[in-house]
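In: Curious how this folds, go ahead:
(chains A and B)
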Amino acid sequence: MSDLHCEDVRTSLPELVDEPGMSLAVRRHLSRCPECAGELETYRSLRAATARLATATAAPPPGLVDALVAIPAEATRLEQVRSHVTRHRGRYATGLAIALGATGAALWRSRRRGLAAA
Amino acid sequence: MRRPTHDRSVPARELVPADLVERCKRGDQAAWKELVELTHREVYTLCLRILNDPSDAAEATQDAYLKAWRGLAGFRGDAQFTTWLYRVASNAAISKHRSRRRRRAYEVGAEDELLSAMPAAGSVEGTAEVRRDVRELESAISALPDHYRSAVVLRDVYGLSIEEIANELKISETAAKVRVHRARKKLKETLYPDGEAR
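Out: Reported below is the predicted structural model:
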């Protein structure tokens, strides 16, 4: 089996951090090449340091916590409004039709008055 | 950047006790308040890391908690609650990211907000050094192109699988793998420009 070159191994190093098993050829190269082995070690260290960022947090802007805490109450209120509208859909539709009709009639009357004046 | 002293990845911490989740599921608003207080910093930080903008991150955090409240009934406890919440949050952050065409520049103040709450046993000097490392790493991550940053944050900070990242970002698994790969390469080049750190 021919040995891999450094260039072949180095392109795959960022992925090898995730892979529990690596090919025999890669392992053999790493055992003989301290530079590639060192680079893999650097990637592993970087990966570990990045994972530890999960415990480093930023301070949220003022008011955010209050807004988050209020979500259940807000969601409940919205649900109540939605459910009320759904239950009384017929009445809302009739009301809307009456309002539209009244607006249309008012517009028609005003237009007629304008035409008569002209 | 100083080379980390050990390579062990930190597993996701469970911040929320199971009984608290159950109380929230029953609609207990006091329990919800407790849950928010326990988790909001982590969720906000995740959104900030993906969006690179404090105001967008705050909006995404609100979207995430609204989705979490509505989806609580569907949480069966197969995974850790925190992991589930992180997924909801990353989904909200990515949706927000997609919906914003014009991105605002990352403010320097936002980077300063990322404070190091990392466990750093030892001397004051040791703590300061760890804080500096965190700052350098956060800064390098925030300088990554958006598509690389989302992928590497989800994979390496929050431990999502390539498959999960592909689903969240709506890309193929190969594309997700490539983004993580390139992001790691760029981070290494930024933090260790002279090659291997010793």
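In: Just the element for the residue positioned nearest the centre of chain B, please.
Out: With the centre of chain B defined as its mean C-alpha position, the nearest residue by CA atoms, centre = their mean is residue B:46, 3.0 Å away. Using DSSP states H and E, residue B:46 maps to helix B:29-51.
In: What residues of that helix count as buried?
Out: Neighbour counts over helix B:29-51 (16 or more other CB atoms under 10 Å in any protein chain shown) mark B:31-36, B:39-51 as buried. (Each C-beta comes from the backbone N, C-alpha and C, glycine too.)
In: List the contacts of the helix or strand that that helix is followed by.
Out: Next in sequence after helix B:29-51, counting helices and strands by DSSP H and E, comes helix B:54-71. With CB atoms under 8 Å, 6 or more residues apart in numbering or on different chains as the test, helix B:54-71 has contacts from A:60-61, A:64, A:67-68, A:71-72, A:75, B:24, B:32, B:36, B:40, B:43-44, B:47-48, B:50-51, B:85, B:88-89, B:91-93, B:95-97, B:100, B:104, B:107, B:109-110, B:113.
In: Can you list which of those residues are found in helices?
Out: When helices are assigned by DSSP state H, the members of the contacts of helix B:54-71 inside them are A:64, A:67-68, A:71-72, A:75, B:24, B:32, B:36, B:40, B:43-44, B:47-48, B:50-51, B:85, B:88-89, B:91-93, B:95-97, B:109-110, B:113.
In: ok, the residue lying closest to residue B:184 once chain neighbours are set aside to residue B:182 distance?
Out: Closest residue in space to residue B:184, ignoring its immediate chain neighbours: residue A:14 at 4.0 Å, by CB to CB, 6 or more residues apart in numbering or on different chains. Distance, residue A:14 to residue B:182, by CB to CB, to the nearest Å: 8 Å.
In: out of the two, which sits in the busier spot?
Out: Using other CB atoms under 10 Å in any protein chain shown as the criterion, residue A:14 and residue B:182 rank with residue A:14 on top: 24 against 17.
In: Just list the residues touching the more buried one, thanks.
Out: A:43, B:180, B:181, B:182, B:184, B:185, B:188.
In: so which helix or strand takes in it?
Out: Counting by DSSP H and E, residue A:14 is part of helix A:6-16.
In: what do you get for residue B:167?
Out: With DSSP H and E as the criterion, residue B:167 is inside helix B:162-169.
In: Quick one: residues contacting the nearest residue to residue B:43 once chain neighbours are set aside.
Out: Spatial nearest neighbour of residue B:43, excluding adjacent residues (CB to CB, 6+ apart): residue B:89 at 4.6 Å. Taking CB under 8 Å, 6+ apart, we find residue B:89 in contact with B:43, B:46, B:47, B:60, B:61, B:64.
In: Also residue B:157?
Out: Contacts for residue B:157 (CB under 8 Å, 6+ apart) come out as A:50, A:51, A:53, A:54, B:46, B:49.
In: closest to residue A:89 among these?
Out: Residue A:89 has its nearest neighbour among these in residue B:46, at 40.3 Å by CB to CB.
In: Could I get the pLDDT score of the closest one?
Out: The pLDDT attached to residue B:46 in the predicted structure is 94.
In: What's the separation between the closest residue in space to it that isn't next to it in sequence and chain A?
Out: Once flanking residues are discounted, residue B:46 sits nearest to residue B:89: 5.0 Å by CB to CB, 6+ apart. According to CB to the nearest CB, to the nearest Å, residue B:89 stands 12 Å off from chain A.
In: Would you mind measuring from residue B:89 to residue A:12?
Out: 32 Å.
In: burial measure for residue 94, as a count.
Out: Let's take chain A. Neighbour count for residue A:94, taken as other CB under 10 Å: 11.
In: oops, chain B please
Out: As a burial measure, residue B:94 scores 20 neighbours (other CB under 10 Å).
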